[in-house]
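Visitor: Predicted model, plus sequence, below.
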Amino acid sequence: MQLGDIEILPVLDSDWVNDPREAFAKSPEALEAHKDLLTPDGMLAMPMGGFLIRRRAYDRVALVDLGLGRTPLFGRNGDAAMLKSLAALGYRPEDISDVILTHLHLDHVGWASIDGRPTFPNATYRCHKADWDHWVVRMAHAKEFHAAAQRDLMKPTEAQLEPWTGDVTLLPGVDARHVPGHTPGNCLLVLSSGEQRAMLLGDVVHCPMQLIDEEWDGLSDVDPVAARAAKNALAREIEGQDIPVAAAHFAGMQFGRLIQGEQRRRFVF
């Protein structure tokens with residue numbers, strides 16, 4: 001996605017395809033209305049990865065979210081290809097100036113560190129303080145979404161960490177908005193260049209169906225009620241607007257728009 005002078009590139013870590021009937025507890029009838037967003041055999045593509053942000057006017061290269069890495073999740077550890085994907089774009093870990101984490105779930109911090117050392121040695125690591133406090137300082141209950149693995153991956157980055165609170169400008173044209181629910185410090189990013197805007201949604205939503213249908217809840221929400229409210233407020237904000245949005249779990253990590261319709265919303269990549 002080219003947004004004015006900002007370039008946003010997907011950085012794939014691993015592919016993940018699952019059965020939406022199991023992941024979101026939906027009936028075949030409920031899925032029929034969304035078959036255009038499923039694979040031909042009715043599965044839901046949900047990759048894991050991040051986004052590279054570069055802006056010509058600034059000597060900074062930011063990486064938003066870090067995929068699953070090498071830690072097993074749901075019985076698998078995917079392809080663990082993020083560093084290879086970065087290399088294909090012409091970047092080494094040393095070239096990344098900023099790591100921005102929308103939240104600290106395992107499939108977004110997988111490459112935060114390797115063998116006890118930060119993967120990106122020259123980068124400032126950034127996340128919301130509420131998530132750092134929840135997962136690292138207070139050490140969330142061991143049974144809460146791979147808490148130990150997340151803590152072990154993030155702890156080595158502490159010397160390079162600059163946490164934020166509330167809503168804040170992280171870099172020129174990159175603003176973080178605090179939308180707690182999925183996790184205490186869950187955030188989305190608003191990217192802007194001139195009058196143009198786009199959004200990286202983190203895990204406010206995991207798939208476009210959640211923007212279309214207000215009854216579709218998320219996955220692994222710490223506070224499901226707050227997460228649903230945040231998701232539905234976002235859908236109402238972007239519906240019918242010229243604001244492209246993407247998320248690390250959207251099929252192909254593509255941008256799309258939420259379109260108003262007479263019967264229901266539509267999401268168009």
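Guide: Cool, got the structure. Quantities reported herein were computed from a predicted structural model and do not represent experimental measurements. Residues are numbered from 1 along each chain as shown.

Visitor: How many residues are close by His105?
Guide: 26 (other C-beta atoms under 10 Å). Placement of C-beta: from N, CA and C, glycine included.

Visitor: Surely it touches Ser220?
Guide: Yes. With contact defined as C-beta atoms under 8 Å, His105 counts as touching Ser220 (6.9 Å).

Visitor: how long is stretch 152-170 end to end?
Guide: Stretch 152-170 stretches 25 Å from its first residue to its last (C-alpha to C-alpha, to the nearest Å).

Visitor: Kindly provide the whole-number mean pLDDT of that stretch.
Guide: In this model, stretch 152-170 has an average pLDDT of 96.

Visitor: Show me the contact partners of that stretch.
Guide: Contacts with stretch 152-170, where a contact means C-beta atoms under 8 Å, 6 or more residues apart in numbering, come from 62, 69, 71, 98-100, 104, 106, 109-110, 112-113, 116-118, 123-130, 132, 135-136, 175-178, 189.

Visitor: name the helices or strands packed onto the helix or strand containing Val99?
Guide: Element membership of Val99, judged by DSSP states H and E, is strand 98-100. Judged by 3 or more C-beta pairs under 8 Å, 6 or more residues apart in numbering; DSSP states H and E, strand 98-100 is in contact with strand 61-64, strand 124-126, strand 168-171.

Visitor: Output the next helix or strand after it as CSV, restricted to C-alpha atoms.
Guide: Following strand 98-100 in sequence order, the next helix or strand is helix 106-109 (DSSP H and E). C-alpha atoms of helix 106-109 as CSV (Å, rounded to 0.1, in the frame of the first residue of the first chain):
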residue,chain,number,x,y,z
LEU,A,106,2.6,-14.8,21.1
ASP,A,107,1.7,-14.6,17.4
HIS,A,108,2.7,-10.9,17.4
VAL,A,109,6.0,-11.1,19.4
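
Visitor: can you give me how far the helix or strand just after helix 106-109 is from the chain middle?
Guide: Going down the chain from helix 106-109, the next helix or strand is strand 113-114, by DSSP H and E. Relative to the chain's own centre, strand 113-114 is displaced by 19 Å; criterion: C-alpha atoms, centre = their mean, to the nearest Å.

Visitor: With stretch 187-205 instead?
Guide: Per C-alpha atoms, centre = their mean, the centroid offset for stretch 187-205 relative to its chain is 11 Å.

Visitor: Could you do stretch 201-214 as well?
Guide: Centroid displacement of stretch 201-214 relative to its chain, using C-alpha atoms, centre = their mean, is 11 Å.
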